[in-house]
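**Student:** Mind looking at a prediction? Sequence and model below.
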Amino acid sequence: MIWLVLAVAAVAATSLLAAAALELPSALSFGLAAFVLASAEVVGATELLSLPGVVGAAGYAVCEAVLLAVAAAAWRWRGSPRPRLAAFDVRAALRAHPVLAGLLLVVGCGIGYEAFLVFSTPPNNWDSMTYHLSRAAGWYQRHRVEYFPSHTQRQNAFQPDAEMEILYTFAFVGRDTAAAAVQLVGQLGLLLGVAGCARRLGFGRAAAAFAALLTATLSEVALQSVTTQNDLLAASFLVAAAYFALGGGRVEIALAGLALGLALGTKLTTAPALPLLVLLLATRRPVRRRLAEGAAFAAVGFLLLGAYSYVLNLAETGHVLGDPTASQSSQPSEITLGGTVSSIARIGYRFIDLSGYHVLNDAGSWVRARARDAFDTLRIPRNPRESTGTTFVFPINRYSNEDYSFFGPLGFLLLPALGVAFLVAAARRRAPPAAAVLALAVPLFLVAISLTFTYNVWIGRFFVAPVALTMPLAAAVYRWRALAAIVAVLGALTLGVTHAFNMAKPTGLDGPAVWSLSRADAQSVLRPEMEQVIEGIDQYVRPGGTVGFVLTEDDWDYPLYGAQLKNRLVRLPQTDLLQTAERRGVHWIFLDAQAVVPPLRDSWHRLDFPTSGWTMLSRSEELG
């Protein structure tokens, strides 16, 4: 961890010097520029080091030393400028804004708790164990970001920038101790961007801070901050791009291009924001010049920081998005009007979310009944085959789980009201056009996601970005202090119950706390049947050994790497399994419940894990 701290300090120093050299107009611009430049440094260095295959602590150290020297030289050449930090009396400000002070205290405690979970508990959410962490571990062993044999093409085809940042932590720590810190830092950048956008819409400092702090209380935002997913990081880049687009200066438009490149290199579901960014640029004069500069810098940002995986996919598979099997199952089999309308209605209904709340059953029954009536009256099909991935049902979600949650009560009480109010106000010229653009974020994404994805219970994560783009409008609530107090209390309560009943990171209210569990127990909280498998890997597999596997699409292969990420993984064919394993030097083989266990030779032994249906085959000399 000491080496990681030093490496992160070097990245921070480089980005801060570079941001200071740009002489940006405000402290928010300086902070967001440093955030974007730091991410760009890590991603760019990873791409560069991947070409000769030297990704690792030494390679990163050389890159950082060079970049730090260049940033320091540029800063000195510019006259050693200091960032424009506005001076104000913090104590007086907090006394004048007690609602804001209270919300700040709650959110500060929440972020502190999230940091505790990040560094004291292992990652354990489903997608991370299936491909997010697995791909980073595979690159870590190969010293480059490249294609490698895997049980799911998601490890190869999907956009890699978030996992590149995870890879950076692996390079210095050699394990996943700090892997989730990427999303936690992404959340901090997201909050800074929300405050910045609010300021550029004309709101005061206190109102902008209020909007940012409310964003931290949204259920999906809080839950993802302690995972190794990528939605928070992708959203933070989009909000930063929106902020710099609203600035309009050439330097800031260049930063917007870098942020957009990072967003598109992190998650393709950020693409629906492109027309919104164009419209934001169009609100700044001279319009043609801003649009031309925006297009040019966006292209440069994408080529530098977003295009790597698309080029790699094209070279390896002939498809820009990689092997179609990576995303085929989540796409509509046919785009129809009924299927699209149904998806819009189903996702819209899912915004009614009570993550962590275990009350209001009667009210929930009433809402479910009215929703059924509305679907029937409007003749909206509930589960059309062509656009359904998982079955839609009407019960309101109360699970505090990043896979199922949306954005808590504020997601359905505040967001629609803000969107409608600002669209109406902008039509009457009582709000800036940029506010109307941000108000369109959720509706635009709702249509775009419904056209490109089948409905599924995990779809809420795709809306972190549009919700974050809308949240600067929440600054308007601060005009009415009584209303702001009610909203702040609701947000604080939601943040509390979301973390208190987080299914992946239990607090001890119902069973043992996650930080008191062994690594195997903590990683298997959401899949108790995997505990035996993870313990078996730790007990029987010699660190640094070669491990074969036969797994299916959604199986967890990340535990096979071992806690120290030293085990070498080999994908094996179902046919000629043992012969291939022996030829490739494999000493342990893990088979999931779907795989066929072959007849064993004398040199191989079998161990079953009954709860999961998995099986381990081991050579005799490795049984111990």
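**Tutor:** Cool, the structure landed. Treat the numbers as computed from the prediction; the structure is a model and nothing was measured.

**Student:** and Gln594, what helix or strand is that in?
**Tutor:** Under DSSP states H and E, no helix or strand contains Gln594.

**Student:** That one is in contact with Thr552, isn't it?
**Tutor:** Yes - here Gln594 reaches Thr552: they are 5.3 Å apart, a contact under CB atoms under 8 Å. (Glycine included, C-beta is placed from N, CA and C.)

**Student:** For the stretch 501-624 of the chain, just list every one of the strands.
**Tutor:** 546-550, 568-571, 588-591, 604-609, 614-619 (DSSP state E, counting those that start in this stretch).

**Student:** which residues are in contact with the lowest-mean-pLDDT helix or strand in the chain?
**Tutor:** Sorting the helices and strands of the chain by mean pLDDT, DSSP states H and E puts helix 90-96 at the bottom, at a mean of 84. Helix 90-96 has contacts (CB atoms under 8 Å, 6 or more residues apart in numbering) with 100-101, 104, 205-206.

**Student:** Can you list the buried residues in the helix or strand just after it?
**Tutor:** Sequence order places helix 98-120 as the next helix or strand after helix 90-96, per DSSP H and E. By neighbour count with 16 or more other CB atoms under 10 Å, helix 98-120 contains the buried residues 99-100, 102-104, 106-107, 110-111, 113-114, 117-118.

**Student:** do stretch 536-549 as well
**Tutor:** For stretch 536-549, using 16+ other CB under 10 Å, the buried residues are 536-537, 540-541, 545-549.

**Student:** same thing with stretch 195-205?
**Tutor:** 195-201, 203, 205.

**Student:** Now pLDDT too, for those residues, in a markdown table please.
**Tutor:** Formatted as a markdown table, the buried residues of stretch 195-205 follow (pLDDT from 0 to 100):
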| residue | pLDDT |
| --- | --- |
| Ala195 | 98 |
| Gly196 | 98 |
| Cys197 | 98 |
| Ala198 | 98 |
| Arg199 | 97 |
| Arg200 | 97 |
| Leu201 | 97 |
| Phe203 | 97 |
| Arg205 | 94 |
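
**Student:** Let's see which of those residues end up in helices.
**Tutor:** 195-200, 205 (DSSP state H).

**Student:** Of these, which pair is most distant in space?
**Tutor:** With CB to CB as the measure, no two of these lie farther apart than Cys197 and Arg205, at 13.4 Å.

**Student:** coming back round to it: looking at the contacts of helix 90-96, which is nearest Ser333?
**Tutor:** Among the contacts of helix 90-96, and counting by CB to CB, the member closest to Ser333 is Leu104, at 48.3 Å.

**Student:** Would you mind splitting the protein into its domains for me?
**Tutor:** As given by automatic domain parsing, the domain ranges for the chain are 328-489, 529-622.

**Student:** quick one, which of the ones you listed is nearest to Asp510?
**Tutor:** Among the domains of the chain, domain 328-489 sits nearest to Asp510 (CB to CB), with 10.6 Å.

**Student:** Check the average confidence over that closest one, would you?
**Tutor:** Averaged across domain 328-489, pLDDT comes to 94.

**Student:** end-to-end on it?
**Tutor:** One end of domain 328-489 to the other measures 42 Å (CA to CA, to the nearest Å).

**Student:** And for Arg95, the neighbour number?
**Tutor:** 10 (other CB atoms under 10 Å).

**Student:** what do you get for Gln594?
**Tutor:** So Gln594, with other CB under 10 Å, has 11 neighbours.

**Student:** follow-up on the earlier one: redo the ones in helices among the buried residues of stretch 195-205 as TSV? Include distance to Leu569.
**Tutor:** Putting those into TSV (distance: CB to CB, whole Å) gives the following:
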residue	distance to Leu569
Ala195	43
Gly196	43
Cys197	43
Ala198	46
Arg199	48
Arg200	48
Arg205	51
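
**Student:** quick check, nearest of those to Val457?
**Tutor:** Closest to Val457, out of all of these and judged by CB to CB, is Cys197, at 30.4 Å.

**Student:** What separation do you get for the closest one and Ala468?
**Tutor:** 9 Å (CB to CB, to the nearest Å).
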